[in-house]
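Asks: Any chance you can model this:
(one chain, ligands or ions: 2)
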Amino acid sequence: MKKTGIHHRQKQTRRSVLYIPANNERAMEKATGLDCDTIIVDLEDSIAPDEKPAARNALEDRLSRTGPPGKEWIIRINALSSKWGHDDIVEAARLRPDAILLPKVNGAADIDQAEAALRDVGAEPAIGLWAMIETPRGIANVLTTADTAHRPGGRLDCLVIGSNDLSKETDIPLPDGRQFMTPWLMQVVLAAKAAGVDVLDGVYNDFHDEAGFLAECAEGHLMGFDGKTLIHPSQIGGANEAFGAGKDALAQAKAIVEAFSLPENAGKGVIKIDGRMVERLHLEQAEALLAKAGIR
Ligand SMILES: CC(C)(COP(=O)(O)OP(=O)(O)OC[C@H]1O[C@@H](n2cnc3c(N)ncnc32)[C@H](O)[C@@H]1OP(=O)(O)O)[C@@H](O)C(=O)NCCC(=O)NCCSC(=O)C[C@H](O)C(=O)O
Ligand SMILES: [Mg+2]
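Replies: Ligands and ions are numbered 1, 2, ... in the order given. Model (predicted):
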């Protein structure tokens, strides 16, 4: 369970989170068989303005034929301030995804507006909200946005970096300028950790550049992201590897749990394993890692 989980969901593994344009029938068909943890069906930036209503209908039609994709799935709607946003959220609530992803969230008021709209249509409490943080104002206000997760009935469950929009709004080119965005990205990570919600890194556009993608995955993992958003199936394996608990980390976690379970360590707050100090906070960390990996 999340530390501060509001709707008491199970802690999800979200190493690899793949966007699929809602009107891409072939890609939607493939989604169930892909090894990604989560899919985001997109009604926003990958759908041309004239195609928005048709994409919404295509999604509804597909789900009525096939049912849900068989893994965590999210619908990214257009901003509620846009001419499509209201119809999108009404339709999304009817289709009952695990969560609705709001683009270009500038602050808590955007979450208020979405939660009110979901209340108005009687949306199930189990439908979560995810927020894209991809504007300068969204970065500046991210802690108060994240803290909406703590309100009674709060639906926020995950923050998602939108690096393309952030690049557009700040004139920092990608991928070369990512180092200059890093302080902002870390603000988002920190806010997510403070509020106890998940946080996902942005996409890597050049899906033929495997080395660049893997380097960005490794960096995102070190920065504390829970996973990475993806645009192409070829990126799934690398993200699962980078954000999954590696063999060494799992072995280390098991060693910590075993050491603290020894009778001679029962009353101790701190012990030594392989010459390193290990405290009970490390035990908690180890137990959480093993639980997330489904080991205990
Ligand atoms: C980028 C693409 C348009 C490339 O598509 P395509 O030309 O079809 O690529 P391939 O020929 O290499 O595809 C090989 C097979 O893989 C399937 N495929 C491709 N993409 C996906 C996908 N996303 N999900 C599932 N399956 C996919 C193809 O159908 C091929 O299958 P097969 O026929 O069996 O060979 C395309 O990848 C794409 O549209 N990607 C997603 C784009 C998207 O959703 N963009 C919006 C989110 S990004 C963003 O906006 C983030 C944020 O807001 C920000 O600001 O940064
Ligand atoms: Mg965006």
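
Asks: can we go C-alpha only for contacts and neighbour counts from here?
Replies: OK.

Asks: and the protein, which of its residues are near ligand 1?
Replies: Within the chain, the positions near ligand 1 by C-alpha under 6 Å from any ligand atom are 19-21, 26-27, 30-31, 42, 45-46, 162-165, 202-203, 231-233.

Asks: list the contacts for M277?
Replies: Neighbouring residues of M277 by C-alpha atoms under 8 Å, 6 or more residues apart in numbering: V270, I271.

Asks: partner residues bridging it?
Replies: Per DSSP bridges, the residues bridged to M277 are K272.

Asks: Point out the residues in this protein that sit beside ligand 2.
Replies: Remark: the part of the chain in contact with ligand 2 comprises G162, D165, using C-alpha under 5 Å from the ion.

Asks: where exactly do the helices run in the chain?
Replies: Secondary structure of the chain by DSSP state H: the helices cover 25-31, 52-66, 85-95, 108-120, 136-140, 142-147, 163-170, 178-195, 210-223, 236-243, 247-261, 280-292.

Asks: Just give the nearest non-adjacent residue to the residue of the stretch 1-150 of the chain found nearest ligand 1, would you?
Replies: With C-alpha to the nearest ligand atom as the measure, A27 is the residue of the stretch 1-150 of the chain nearest to ligand 1, at 3.7 Å. Nearest non-adjacent residue to A27, counting by C-alpha to C-alpha, 6 or more residues apart in numbering: I20, 6.6 Å away.

Asks: Could you check the pLDDT of Q12?
Replies: Note on Q12: pLDDT of 86.

Asks: got it, and A140?
Replies: With respect to pLDDT, A140 has a value of 98.

Asks: Just the buried subset of the residues of the chain next to ligand 1, please.
Replies: Buried subset of those (neighbour count, 16 or more other C-alpha atoms under 10 Å): 19-21, 31, 42, 46, 162-165, 202-203, 231-233.

Asks: from the residues you listed, which two are the most distant?
Replies: With C-alpha to C-alpha as the measure, no two of these lie farther apart than A31 and D165, at 25.2 Å.

Asks: got the buried residues for stretch 36-50?
Replies: Neighbour counts using 16+ other C-alpha under 10 Å place C36, D37, T38, I39, I40, V41, D42, L43, E44, S46, I47 of stretch 36-50 among the buried residues.

Asks: for stretch 55-67, same thing?
Replies: Of the residues in stretch 55-67, those buried (16+ other C-alpha under 10 Å) are A55, R56, A58, L59, E60, R62.
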